[in-house]
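J.: below are the sequence and a predicted model; questions follow.
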Amino acid sequence: MVWDTWKKFVANYKVFRNNLFAKLENYKKGISLKEFYYGAVGKDSVLEIKIELKKFDLCEAKNQFPKTGLPINCLNNKVINLDGFVIIYGHSAPFADIFLLRKTIPESKNLLITFQQKWYTTSQEFTIDDAKTECNKNKNAYKDVKDYVLKKFLEESHIVTVIFTSQPFKGNPNDLPNDCLIIAKSNFGRYFGPLFVSRLSFDIINHLHINSTEPKQIAERINGVGEVISEAIHKNRPYKNADEVIEKNKTYKTTLEKTRTQLEDCSFASHSFFLDVDENDLMMVDEYDEIW
């Protein structure tokens, strides 16, 4: 299932990103949520929260935290220590898809960061009310907890919900709750980077990836484009945008102009990320690719 695959990817990417930052000298004294969740929108008061950095590991829980108590490791049935783990749920978790515990700086207050992932193929906008619903669900989860110690811990912790959604976000960030950050469709590139956002666009947002799709799929997905034109599109790629598709295939310009809206809805990553860079920037990207 694509959703489940990307839920686990987001968790792994979180661990990777955290452990990378934790090794950098610049962040030995901590990092702000604005820096860590680069591209996220939210109130300045939330973005400016500073957190400690330390190494995290990934663990999957089999029970429903916090309703049924502390999370239980699905591999060995042992209780998971909240400190030092990014914890991912299985299916149908009522409290977040992923969560982890951090400490704020300088207060050293418990900051419980929860991830809600909303991967949809719809173009319907994600609103302020949608965000409030998700945040309230996590913030009020302690009410169903029977364990007194755990309930007190949750009541005294600051719970921040980070929402990942493939929907476009509509609204003023200042109208968001005091415990919410959103990484929406338009911000994926800033947080995940061009390498991963390309695959994300293809798998979840369900855009046709014009630079990697076979001719047959192009013909099937773009109305009015038959076998001959799709072969030409395939032959003349890569493209950075819909204009390049039309310009590189001038023989079929009239037909392609009629399909412009469909072409503009395609994914052109990762080439689309290089629209505003110069040759020196591209050389740096090539060198980076060689390292990996």
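T.: Done, it's in.
J.: residue boundaries of the helices in the stretch 51-200 of the chain?
T.: Ranges of helices in the stretch 51-200 of the chain, per DSSP state H, counting those that start in this stretch, are 128-139, 148-156, 188-200.
J.: and the nearest residue to Leu154 once chain neighbours are set aside, how far from Pro71?
T.: Once flanking residues are discounted, Leu154 sits nearest to Tyr142: 3.7 Å by CB to CB, 6 or more residues apart in numbering. (C-beta placed from N, C-alpha, C; glycine too.) Distance, Tyr142 to Pro71, using CB to CB, to the nearest Å: 15 Å.
J.: the more surrounded of the two?
T.: Pro71 (24 against 19; other CB atoms under 10 Å).
J.: check contacts around the more buried one.
T.: Contact analysis of Pro71 by CB atoms under 8 Å, 6 or more residues apart in numbering lists 59, 61, 63, 65, 79-80, 82, 87.
J.: over to Phe21?
T.: Contacts of Phe21 by CB under 8 Å, 6+ apart are 27, 31, 36, 53.
J.: which two from the contacts of Pro71 end up farthest apart in space?
T.: Checking the contacts of Pro71 against each other with CB to CB, the farthest-apart pair comes out as Asn63 and Leu82, at 13.6 Å.
J.: ok, longest helix in this protein?
T.: Among the segments of the chain that qualify as a helix by DSSP state H, the longest is helix 2-23.
J.: can you pull the buried residues of that helix?
T.: 6-7, 10-11, 13-15, 17-18 (16 or more other CB atoms under 10 Å).
J.: for stretch 134-145, same thing?
T.: 134-135, 138-139, 141-142, 145.
J.: closest one of those residues to Glu227?
T.: Closest to Glu227, out of all of the buried residues of stretch 134-145 and judged by CB to CB, is Glu134, at 45.0 Å.
J.: and the residue nearest the centre of this structure?
T.: With distances taken as CA atoms, centre = their mean, the residue of the chain nearest its centroid is Phe164 (4.9 Å).
J.: how much space separates that residue from Lys253?
T.: In terms of CB to CB, Phe164 sits 39 Å off from Lys253.
J.: for Phe85, same thing?
T.: Phe85 is 56 Å from Lys253, by CB to CB.
J.: export the helices of the stretch 51-200 of the chain to TSV and tack on mean pLDDT and distance to Asp179?
T.: Output for the helices of the stretch 51-200 of the chain, formatted as TSV (pLDDT from 0 to 100; distance: least, CB to CB, whole Å):
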stretch	mean pLDDT	distance to Asp179
helix 128-139	93	6
helix 148-156	93	13
helix 188-200	77	19
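J.: wait, which of the ones you listed is closest to Lys248?
T.: When those are compared for distance to Lys248 using CB to CB, the nearest one is helix 188-200, at 20.0 Å.
J.: what's in contact with the helix or strand that comes right after the closest one?
T.: Counting by DSSP states H and E, the next helix or strand C-terminal to helix 188-200 is helix 215-221. Outside helix 215-221, the residues within contact range by CB under 8 Å, 6+ apart are 208, 210, 213, 225-227, 229-231, 233-234, 262.
J.: PyMOL command for the buried members of those?
T.: In PyMOL, this line selects whichever of the contacts of helix 215-221 come out buried by 16+ other CB under 10 Å:
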select buried, resi 208+210+213+225+229+230+233+234+262
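J.: please parse this structure into its domains.
T.: 2-194, 207-291 (automatic domain parsing).
J.: ok, now which ones touch the residue of the chain positioned farthest from its centre?
T.: Residue farthest from the centre of the chain, counting by CA atoms, centre = their mean, is Thr251 at 39.3 Å. Residues near Thr251 by CB under 8 Å, 6+ apart: Ala232.
J.: doesn't it belong to a helix?
T.: Yes: checked against DSSP: H, G, I helix; E, B strand; the rest coil, Thr251 lies within a helix.
J.: low pLDDT regions in the stretch 51-200 of the chain?
T.: Where the stretch 51-200 of the chain drops to pLDDT under 70, the residues are 90-93, 120-123, 198-200.
J.: 80 instead?
T.: 89-94, 119-124, 194-200 (pLDDT under 80).
J.: can you name the element that comes right after the longest helix of the chain?
T.: strand 31-32.
J.: partners of that next one in the sheet?
T.: Strand 31-32 pairs in its sheet with strand 50-51 (antiparallel), by DSSP bridges.
J.: off-centre distance for the strand it pairs with?
T.: The chain centre lies 20 Å from the centre of strand 50-51; the measure is CA atoms, centre = their mean, to the nearest Å.
J.: hang on, the earlier thing: and the residue farthest from the centre of the chain, how far from Val41?
T.: Note on Thr251: its distance to Val41, by CB to CB, is 43 Å.
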